[in-house]
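1. quick one: sequence and predicted model below, then my questions.
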Amino acid sequence: MSIYRNWVMASRPWSFSMTAISVSVGSAIAAIDGNFSWAFYLLTLLAGIFMHAATNLLNDYYDVKSGVDFKGVSTGIYRPHPLLEGKLTSRQVLMETCLLYAIATAIGLYLAAARGWSLLAIGLIGVFASITYTAPPFKYKYMALGELSVFLMWGPLMVMGSYFIQRQAFSANALFISIPFGILVALVLLANNIRDISHDRSKGILTLPIIIGERNGLRLYSILVIVAYTGIIGMSLAGPLHLWTLIVLLSMPLALKLMCQMMKNIPDDADAQTAKLDTAFGVLLVISLVLEGMV
């Protein structure tokens, strides 16, 4: 039984809220526009979570294999890391990864057949981005492209894909609304990379904060938080969002506190704290969209 518990912990289940929010945002926008199916929503959510879990596992596998993660590194201190702790073998992690990819792919193929083969293009982009994140030969996370990929995956790609599954069409509104949350999810990785500048540089890894420097990385972090909130305010006042969405501003005190903390002293769990901000922001965004749909 312990191996299954370790498999769950290795997949980082606490991070799945990001996927749940992205899928919910796209589906809620579709409901406002006229169509919503609980069955398709749940299937989309399952496929997204299985893909997210597989990505996390493969990321850990290659980070450990390449020597980026080891005992004593920040990642292994503030969160469970069964592979690093010796609770799982590399083979066991790869077995779980393949199983999760297989389930996500099966659900994705069913959804593409049921709702439209245009969805297959989104799925293929997602799978390619997931596998090549840290896997050779691309390993684009180590080429300062991680933040951009995370923004695209959890922003436009996942939100518009979820919308398409419900409506069998794409939406410019879904694209615009996906941007603020996508930005905040990308900031989880940016916070991680700012904290790990010295470690990543010693491993020959290239990240965005290494290119622009710690100070500019912190400035970019603050600017993007402001952009996310400004985007919500602008779209609430001018469209396509409605005034309900201003309840997202209830998460602003958490954002301001985190920005000040980052500028003062970068915490070991900077990425986890940023993820908490994402969750607060995203849950309020989903609630506002549900309220709009009810009205």
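-> Received, thanks.
2. sec struct for the closest residue to Gly108 other than its chain neighbours, please.
-> If the residues on either side of it in the chain are set aside, Gly108 comes closest to Gly123, at 4.5 Å by CB to CB, 6 or more residues apart in numbering. All C-beta spots, glycine's among them, are computed from the backbone N, C-alpha and C. Here Gly123 is helix, with the state taken from DSSP: H, G, I helix; E, B strand; the rest coil.
3. where do the helices of the stretch 51-200 of the chain begin and end?
-> 74-78, 90-115, 118-131, 146-152, 158-167, 172-195, 197-202 (DSSP state H, counting those that start in this stretch).
4. so which of those is nearest Ala275?
-> Evaluated over these, closeness to Ala275 peaks at helix 172-195, with 5.1 Å, by CB to CB.
5. what packs against the closest one?
-> For helix 172-195, the elements it packs on are helix 16-33, helix 146-152, helix 158-167, helix 208-212, helix 214-238, helix 270-294, judged by 3 or more CB pairs under 8 Å, 6 or more residues apart in numbering; DSSP states H and E.
6. quick one, which of the ones you listed is nearest to Thr97?
-> When these are compared by CB to CB, helix 16-33 sits nearest Thr97, at 15.7 Å.
7. what angle separates that closest one from helix 172-195?
-> 170 degrees (axes from the mean of the first three to the mean of the last three CA atoms, to 10 degrees).
8. how far away from the center of its chain is helix 16-33?
-> The chain centroid and the centroid of helix 16-33 are separated by 13 Å under CA atoms, centre = their mean, to the nearest Å.
9. compute the inter-axis angle for it and helix 158-167.
-> Here helix 16-33 runs at an angle of 40 degrees relative to helix 158-167 (the same axes, to 10 degrees).
10. and helix 16-33, what's buried?
-> Buried residues in helix 16-33, counted by 16 or more other CB atoms under 10 Å: 16, 18-33.
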